[in-house]
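Peer 1: what follows is a predicted protein model with its sequence.
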Amino acid sequence: MSEKRPKQFTLREMLVLGFCASFIVIARMVFRLHLHITGHVMFFTLFFLVISKGAVPKPWSATVVSFFAGVLLMFVGIGKGGPLVIIKMIFPGILVDVCGFLIPGVGFGYLASIATGAIAGASRFLSLAIVDRVMGMEWAIILQHAAAGAFFNVLFGCLGAAMVPAVLRRLKSAGLVP
């Protein structure tokens, strides 16, 4: 007798999550743009995290993607801080999953996706503050740096997440996502 466990990821779902994590890393490698604008990498990060949450509507799917993307980024050597890049990646993933629990329609509704992008982009405040504190900076400088960085991360996170509903609707009409 085979019993179905709905909380486990199927092979197809894990492949989708793996592709999303790989696309985050590829986007960071290809688009290593020196725009001198803080937070522009959050555009692609939240685009693929919210797509992963919409394409695989199971608990902690975005967290799995962000963890794998952080590990891949650490091994490839992209991002500042070495192993701290995993912390920078996992906070937005956790918040995308929390928003998926609290806000209905994440990934398919524009307002839900933009709100998720804003909340997950704001998570960079905490990760910036932790990394700056580990580096030994003073609290006044940490708060200014983290607030300025979080503002632009929220902006780019909202822009990236705003593109997701159109992409997921197209994928759903083609039968590629449930």
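Peer 2: Happy to help now that I have it. Numbering: from 1, shown residues only.

Peer 1: if I look at Phe31, how far off is Phe44?
Peer 2: Applying Cβ to Cβ, to the nearest Å, the value for Phe31 to Phe44 is 7 Å. Where you see a C-beta, it was placed from the backbone N, CA and C, and this is true even at glycine.

Peer 1: these two: which has the busier surroundings?
Peer 2: The neighbour count for Phe31 versus Phe44, taken as other Cβ atoms under 10 Å, is higher for Phe44 (19 against 12).

Peer 1: gap between the residue lying closest to the more buried one once chain neighbours are set aside and Glu138?
Peer 2: Nearest non-adjacent residue to Phe44, counting by Cβ to Cβ, 6 or more residues apart in numbering: Ala27, 3.8 Å away. Separation of Ala27 from Glu138 (Cβ to Cβ): 34 Å.

Peer 1: of the two, who's got more company?
Peer 2: Using other Cβ under 10 Å as the criterion, Ala27 and Glu138 rank with Ala27 on top: 17 against 9.

Peer 1: following element in sequence after the helix or strand hosting that one, please.
Peer 2: Per DSSP states H and E: Ala27 is located in helix 11-30. Counting by DSSP H and E, the next helix or strand C-terminal to helix 11-30 is helix 42-55.

Peer 1: for that following helix, packing partners?
Peer 2: helix 11-30, helix 61-76, helix 84-102, helix 110-134, helix 139-162, helix 164-173 (3 or more Cβ pairs under 8 Å, 6 or more residues apart in numbering; DSSP states H and E).

Peer 1: including mean pLDDT and distance to His40, could those helices go into a markdown table?
Peer 2: Below are the helices and strands packed on helix 42-55 laid out as a markdown table (pLDDT from 0 to 100; distance: least, Cβ to Cβ, whole Å):
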| stretch | mean pLDDT | distance to His40 |
| --- | --- | --- |
| helix 11-30 | 91 | 11 |
| helix 61-76 | 92 | 16 |
| helix 84-102 | 89 | 14 |
| helix 110-134 | 88 | 11 |
| helix 139-162 | 91 | 6 |
| helix 164-173 | 92 | 17 |
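
Peer 1: any chance of these in JSON lines, with distance to Ile37 too?
Peer 2: Rendered in JSON lines, the data for the helices and strands packed on helix 42-55 read as follows (distance: least, Cβ to Cβ, whole Å):
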{"stretch": "helix 11-30", "distance to Ile37": "15"}
{"stretch": "helix 61-76", "distance to Ile37": "20"}
{"stretch": "helix 84-102", "distance to Ile37": "17"}
{"stretch": "helix 110-134", "distance to Ile37": "13"}
{"stretch": "helix 139-162", "distance to Ile37": "6"}
{"stretch": "helix 164-173", "distance to Ile37": "21"}
